[in-house]
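K.L.:
sequence unavailable; structure follows:
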């Protein structure tokens, strides 16, 4: 072996060792979550509602009997995912709790969970399903009783508020997202793998960072009220290119009811997904992650975000589905809240039926993977 050959081998050896070292230096950071991981769920005990309120079983039965509602227990058998790993190097499925907080600043010290979504990503048969959880459900919240004179029930959206630093009613390092996640698990059996919470200021900045989104409205959305008649609250039927502020305004209009509001929010989310997976933007996702990593509450790692971006380019539009609970399952009512010392609005619903829907959702059995338009309004493909 000549001296030149020995020099080349020595050089390549140094380079190889250096590259291996670089990989081992980068890999842990690539796999490291951007925030604290969720706690392991404790054994769930049957939830209880306070003596101040008893669900009206007869009213619920009458509502369901008088409608076309078919309980989810009649759904097809749960599918079985057999592969140990899905596409893009991800697990077969990922269940993510996504929270839209109503905090207007860039901090997460306070703020209610203005929008609550369970997102299930199927990495075996590329599919994303999104389920809206009504925020005005009266639920048992862990860790709050010692701070509220024994009161352990409040609205679902307040679990997020009580967990964050402003109140700090929990020792959970995941703060608001963690307490909301455990509340959903306790009351409805929800199993969350990861969480992501975005406040209003960050949402506006994200939409602006991708140069806006395109939303096609099937009907006019008019959010004007007696106190605010501004034209900025009117979105005519048709196509719109929205910047961050306009997208947030559309997502927050609630004058037509919470179910229509949820539809508008889902359209905005779908438009944002389309923009993030567009050829012009997808190559910029690593830079976006770096830009917003300190502005979002999440335990997703850069590797997981990369997996989500990867699968996003392989999902057909009809396989992005937004599920909603049947409207006839809910009835408006009020309950006395000892914290606020007044009666507050809540939804009266059959939690056992909701648990069944959620179990089917997280198992991938509902809504079903179909082509074309659904037969009922509980499966809504907003992504054309």
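P.N.:
Sure, I can see it. The model shown is predicted, which means the values in this text are computed figures rather than measured ones. Residues are numbered from 1 along each chain as shown.
K.L.:
mind listing residues that contact stretch 119-127?
P.N.:
Stretch 119-127 has contacts (Cβ atoms under 8 Å, 6 or more residues apart in numbering) with 81, 83, 86-88, 90-98, 128-131, 307-308, 311, 314-316, 319-321, 361-362, 364, 369. C-betas here are computed from N, CA, C, even on glycine.
K.L.:
give the rounded mean pLDDT of stretch 100-116.
P.N.:
Throughout stretch 100-116, pLDDT has a mean value of 87.
K.L.:
that older thread, among the contacts of stretch 119-127, name the ones in strands.
P.N.:
Those of the contacts of stretch 119-127 mapping onto strands are 93, 94, 95, 96, 97, 98, 128, 129, 130, 131, 320, 321, per DSSP state E.
K.L.:
right, and the helix or strand after the helix or strand where residue 251 lies?
P.N.:
Secondary structure from DSSP states H and E places residue 251 in helix 244-252. Later in the chain than helix 244-252, the nearest helix or strand by DSSP H and E is helix 258-276.
K.L.:
pLDDT of the helix holding residue 251, averaged?
P.N.:
Here helix 244-252 scores 90 as its mean pLDDT.
K.L.:
now the angle from it to helix 258-276?
P.N.:
Relative orientation of helix 244-252 and helix 258-276, computed by axes from the mean of the first three to the mean of the last three Cα atoms, to 10 degrees: 140 degrees.
K.L.:
who are the packing partners of helix 244-252?
P.N.:
Counting contacts by 3 or more Cβ pairs under 8 Å, 6 or more residues apart in numbering; DSSP states H and E, helix 244-252 packs against helix 200-209, strand 213-217, helix 258-276.
K.L.:
and the first one, what does it pack onto?
P.N.:
By that I understand helix 200-209. strand 93-101, helix 244-252, helix 285-292.
K.L.:
of the ones in strands among the contacts of stretch 119-127, closest to residue 166?
P.N.:
Checking those against residue 166 by Cβ to Cβ gives residue 97 as the nearest, at 19.9 Å.
K.L.:
my read: the closest one touches residue 188, true?
P.N.:
No - when contacts are counted by Cβ atoms under 8 Å, residue 97 is not listed as touching residue 188 (11.9 Å).
K.L.:
any regions of the stretch 151-300 of the chain where pLDDT drops low?
P.N.:
The model of the stretch 151-300 of the chain has pLDDT under 70 over residues 286, 289.
K.L.:
tell me which stretches of this structure form helices.
P.N.:
With DSSP state H as the criterion, the chain has helices at 3-31, 57-65, 157-163, 175-188, 200-209, 244-252, 258-276, 279-282, 285-292, 302-312, 351-363.
K.L.:
are any of the contacts of stretch 119-127 buried, and which?
P.N.:
Among those, the ones that count as buried by 16 or more other Cβ atoms under 10 Å are 81, 86-88, 90-98, 128-131, 307-308, 311, 315, 319-321, 361-362, 364.
K.L.:
ok, the closest residue to residue 193 other than its chain neighbours - contacts?
P.N.:
Spatially, and ignoring its direct neighbours in sequence, residue 193 is nearest to residue 95 (4.8 Å; Cβ to Cβ, 6 or more residues apart in numbering). Residues in contact with residue 95 (Cβ under 8 Å, 6+ apart) are 118, 119, 120, 121, 191, 192, 193, 194, 362.
K.L.:
circling back to that earlier point, now the angle from the helix holding residue 251 to strand 213-217?
P.N.:
If you take the same axes, to 10 degrees, helix 244-252 sits at 40 degrees to strand 213-217.
K.L.:
centre of the chain to helix 244-252, how far?
P.N.:
17 Å (Cα atoms, centre = their mean, to the nearest Å).
K.L.:
go on, stretch 34-41?
P.N.:
16 Å.
K.L.:
let me see the mean pLDDT of it.
P.N.:
80.
K.L.:
repeat that for stretch 125-140.
P.N.:
The pLDDT scores in stretch 125-140 average 94.
K.L.:
any chance of the contacts of residue 95 in CSV, plus distance to residue 288?
P.N.:
Shown next, in CSV, are these (distance: Cβ to Cβ, whole Å):
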residue, distance to residue 288
118, 24
119, 18
120, 23
121, 19
191, 28
192, 24
193, 22
194, 18
362, 28
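K.L.:
and which of the residues you listed is nearest to residue 257?
P.N.:
Among these, residue 118 lies closest to residue 257 (Cβ to Cβ), at 21.0 Å.
K.L.:
now do the same contact list for that closest one.
P.N.:
Listed by Cβ under 8 Å, 6+ apart, the contact set of residue 118 reads 95, 96, 97, 98, 130, 131, 133, 190, 192, 358, 361, 362.
K.L.:
for residue 224, same thing?
P.N.:
With contact set as Cβ under 8 Å, 6+ apart, residue 224 has these partners: 230, 233, 234, 255.
K.L.:
let's see it at 7 Å
P.N.:
If you count contacts by Cβ atoms under 7 Å, 6 or more residues apart in numbering, residue 224 has them with 230, 233, 234.
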